[in-house]
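**Q** Pasted the sequence and its predicted model underneath.
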Amino acid sequence: MGSLATTGLLNIIVSIICIAASWWALQSFRFDLFVKKANSAQSKLLQILLSIVIGSGVARFLMEYLASSLLLRDLF
């Protein structure tokens, strides 16, 4: 049971870090070229949603990669 809780905690931490990293990376993107009002609440919500989507995708990839890597030790 402890291993499952550790995996869950690791998944949450990795997800938050990846979402924060994608938020930071999206700050350099020029949204004013694609939206009507760059400083509106809708534009900020779009940035938040994009960072969640990108960050959760990256976190899912990292966690699946980690799980696959841990399975490789059973190969040898």
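**A** Looks like it arrived, so ask away.
**Q** quick check: mean pLDDT across stretch 18-36?
**A** In this model, stretch 18-36 has a mean pLDDT of 90.
**Q** neighbouring contacts of it?
**A** Residues outside stretch 18-36 that contact it (CB atoms under 8 Å, 6 or more residues apart in numbering): 38, 42-43, 46-48, 50-52, 54-56, 58-59, 62. Any C-beta I mention is one placed from the backbone N, CA and C, and that applies to glycine too.
**Q** Quick one: buried ones out of these?
**A** Using 16 or more other CB atoms under 10 Å as the burial test, the contacts of stretch 18-36 include 43, 47, 51, 54-55, 58-59, 62 as buried.
**Q** Can you name the two of these that sit furthest apart?
**A** Greatest spatial distance among those (CB to CB): Ser43 and Leu62, at 28.5 Å.
**Q** sorry, back to before: from the buried ones among the contacts of stretch 18-36, which land in helices?
**A** 43, 47, 51, 54-55, 58-59, 62 (DSSP state H).
**Q** possible to save the residues you listed as JSON lines with pLDDT?
**A** Listed next are these as JSON lines, based on pLDDT from 0 to 100:
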{"residue": "Ser43", "pLDDT": "88"}
{"residue": "Gln47", "pLDDT": "92"}
{"residue": "Ser51", "pLDDT": "96"}
{"residue": "Ile54", "pLDDT": "97"}
{"residue": "Gly55", "pLDDT": "97"}
{"residue": "Val58", "pLDDT": "97"}
{"residue": "Ala59", "pLDDT": "97"}
{"residue": "Leu62", "pLDDT": "96"}
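**Q** Need the nearest residue in space to the residue most central in space within the chain, chain neighbours excluded.
**A** The chain has Gly55 as the residue nearest its centroid, 1.7 Å off, counting by CA atoms, centre = their mean. Spatially, and ignoring its direct neighbours in sequence, Gly55 is nearest to Ile19 (3.2 Å; CB to CB, 6 or more residues apart in numbering).
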